[in-house]
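sequence plus the predicted model coming up.
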Amino acid sequence: MTKPTDLAPVPKDASVNVGDGVGLRSRTGGSVAFGVREFAGRRVVFAEVGGENRGALRSADGENLAIAARTAREKRIPLVCFMASSGAAIDEGVGAVHGWGAAAREFVACSGLVPIVFSVTGPTVSGPALLLGLADLVVMIDETYAFVSGPQMVRQFTGEEISNEGLGGTSMHGATSGVAHFIASNREEAENLIAELLGYLPDHADVAPTGWACADSVNRPTPEAGELIPDTPTGSYDVRGVLAAVADDGHLLEPRANWATNLVTAFASVGGRPVGLVANQPQSVAGTLDIAASQKGGRFVAFCDAFNLPLVTFVDTSGFYPGKDLEWRGMIRYGAQMAFAYARATVPRICVTLRKSYGGAYIVMDSRNMGNDLMLAWPSAEIAVMGAKGAVEILHRDADDAQRESLASAYEDRLLNPYIAAERGSVDRVIDPADTRSEVAAALEVLVGKRERLPRRRHDNTPL
């Protein structure tokens, strides 16, 4: 099979010039060069920010970035930007800031229409750092950093001493802020990562991803997936083993792998068809959902929906993570982001419940009433308001320990199984874990022509 990883490496010299393609506004000088060129077999708008004055953006540079984004939108091709910038050129005054504003507006106009991929190749601070937040995907190269306000400002306002790396280095953005979707060791690795990413994506939102020929049979049994489930209800396992069993050749490309580790998001393919995978990770805080996981999942679901990637969700969660700190920080708002993203998604959606699926977390993890197209469950699935112990403690507060144990056992036998949900229509089929890949592949084939008509409105009002 030909995967995105099989694409030829991108040349190390990625500067935009006539030999690479068609350079645009090439005589304006400054720190931004851009043009239309071939990149890993794809036609893209390729922009490079850096060079003179440490990549400081003049007014003309901001205008160049704006035109680069506008060209990508008008030509309906991806925008790939390599960024290293010290911020607005101070000697140009407010004009430089106006140029950044024009660029930001054009990037927003591209959002959801063409893929926007940034790579941080050097220090990226102030306004240019904010542009990273407008990108769909960000690749940071080791020993680079990005922040809005630098260590000097932090020291002046808070008295805290911190280094550039500590404030905005790759490890911080990979594990704490979630700004970096991927971290590469050098420029060549970053370019190859971007090439692989583009392999999963269409040129624009009006077409489906191309896909590729696949030698891995869609009917390949996956007994190893079911064998991962522990015998005890509280046992943990790595859900990525389940995802790899379902994916072609076991290959996953996982953005934000070190951020919000209680939720796994990944690009993969099933039968040569690119898909987005979302799964609770029992190895991290028992797979419960918190603020970061809700943001991570909501953003990934929205991205896949924008660019026509079918969604396959694997559920094993006991609920939202409880805590005063989370509630005070807005768990309600952030948890709603996940529900919002799934509820408005129009791409084919398949949900597989592996083990626990309780309460509010059951709802937001693409449950039947959230509008999925197919709801599957393993025999090990437990779909209920809550676990047996918690339910008994609420319903039978006055029972002694022996009575509670008996009542919990009866609750498990009566309600904690997928067959009750199947009888009520909220689960379509209870399947053998060994059939998971073939069931998912068959559903994707049936759903390939799915179309939904969206209501006419200016835009929705996403919870933030």
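Sure, I can see it. Residues are numbered from 1 along each chain as shown.

contacts and neighbour counts: CA atoms only from here.
Will do.

touching, Ala190 and Leu137? I think so.
No: using C-alpha atoms under 8 Å, Ala190 makes no contact with Leu137, being 11.8 Å away.

now Arg73: which helix or strand?
For Arg73, the element it lies in under DSSP states H and E is helix 59-75.

check what contacts that helix and list those residues.
For helix 59-75, the surrounding residues in contact (C-alpha atoms under 8 Å, 6 or more residues apart in numbering) are 25, 28, 30-35, 44-47, 78-79, 92, 95-107, 109-110, 113-114.

and those, which of them are in helices?
95-107, 109-110 (DSSP state H).

buried ones among the residues you listed?
Buried by 16 or more other C-alpha atoms under 10 Å: 95-104, 106-107, 110, out of those.

can these go into JSON lines with extra columns for pLDDT?
Converted to JSON lines, those look like this (pLDDT from 0 to 100):
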{"residue": "Gly95", "pLDDT": "67"}
{"residue": "Ala96", "pLDDT": "67"}
{"residue": "Val97", "pLDDT": "76"}
{"residue": "His98", "pLDDT": "78"}
{"residue": "Gly99", "pLDDT": "79"}
{"residue": "Trp100", "pLDDT": "81"}
{"residue": "Gly101", "pLDDT": "87"}
{"residue": "Ala102", "pLDDT": "89"}
{"residue": "Ala103", "pLDDT": "91"}
{"residue": "Ala104", "pLDDT": "92"}
{"residue": "Glu106", "pLDDT": "96"}
{"residue": "Phe107", "pLDDT": "96"}
{"residue": "Cys110", "pLDDT": "97"}
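
tell me which two in the residues you listed are the farthest apart.
The two members of these with the most space between them (C-alpha to C-alpha) are Gly95 and Cys110, at 23.2 Å.

and the nearest residue to Gly35 once chain neighbours are set aside, how far from Leu65?
Nearest non-adjacent residue to Gly35, counting by C-alpha to C-alpha, 6 or more residues apart in numbering: Gly23, 4.1 Å away. With distances taken as C-alpha to C-alpha, to the nearest Å, Gly23 is found 13 Å from Leu65.

could you do Thr261 as well?
Distance from Thr261 to Leu65, by C-alpha to C-alpha: 34 Å.

about what we covered before: comparing Gly23 and Leu65, which residue is more hemmed in?
Leu65 (26 against 20; other C-alpha atoms under 10 Å).

ok, now how distant is the more buried one from Ala40?
22 Å.

could you report the neighbour count for the closest residue to Ala104 other than its chain neighbours?
Once flanking residues are discounted, Ala104 sits nearest to Leu131: 6.7 Å by C-alpha to C-alpha, 6+ apart. When neighbours are counted by other C-alpha under 10 Å, Leu131 registers 19.

need the contact list for the most centrally placed residue in the chain.
Geometric centre of the chain, nearest residue: Phe300, 3.1 Å, by C-alpha atoms, centre = their mean. Neighbour list for Phe300: Thr265 [criterion: C-alpha under 8 Å, 6+ apart].

doesn't it belong to a helix?
Yes: the assignment for Phe300 is a helix, going by DSSP: H, G, I helix; E, B strand; the rest coil.

heads up, I number from 54, so please use that
Will do, 54 is the new start, and the previous item becomes Phe353.

so how far is Ala119 from it?
Phe353 is 25 Å from Ala119, by C-alpha to C-alpha.

ditto for Phe235
Applying C-alpha to C-alpha to Phe235 and Ala119 gives a distance of 25 Å.

more neighbours: which of those two?
Phe235 (24 against 20).

the more buried one pairs with what?
Val192 (DSSP bridges).

show me what contacts it?
Per C-alpha under 8 Å, 6+ apart, neighbours of Phe235: Val191, Val192, Met193, Gly227, Pro308, Arg309, Ala310.

save the residues you listed as TSV, and put in neighbour count and pLDDT too.
TSV is the format used below for the contacts of Phe235 (neighbours: other C-alpha atoms under 10 Å; pLDDT from 0 to 100):
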residue	neighbour count	pLDDT
Val191	26	98
Val192	27	98
Met193	30	98
Gly227	23	97
Pro308	23	98
Arg309	26	98
Ala310	20	98
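
ok, the residues you listed vs Tyr387, which is closest?
Arg309 (17.6 Å).

secondary structure class for that closest one?
Going by three-state DSSP: Arg309 is coil.

wait, it touches Gly231, no?
Yes: here Arg309 reaches Gly231: they are 6.4 Å apart, a contact under C-alpha under 8 Å.

residues in contact with stretch 316-324?
253, 266-267, 269-271, 293, 299-301, 304-310, 327-334, 340, 342, 346, 349-350, 353, 490, 494.

distance of Ile236 relative to Ser491?
Relative to Ser491, and taking C-alpha to C-alpha, Ile236 is found at 33 Å.

who's more crowded, these two?
Neighbour totals were compared for Ile236 and Ser491, and Ile236 leads with 23 against 19 (other C-alpha under 10 Å).

and that one, how far is that from Ile194?
Counting by C-alpha to C-alpha, the gap from Ile236 to Ile194 is 6 Å.

shared neighbours, the two?
Common neighbours of Ile236 and Ile194 (C-alpha under 8 Å, 6+ apart) are Thr223, Ala243.

who touches both of Gly76 and Leu118?
What both Gly76 and Leu118 touch, as defined by C-alpha under 8 Å, 6+ apart, is the set Phe87.
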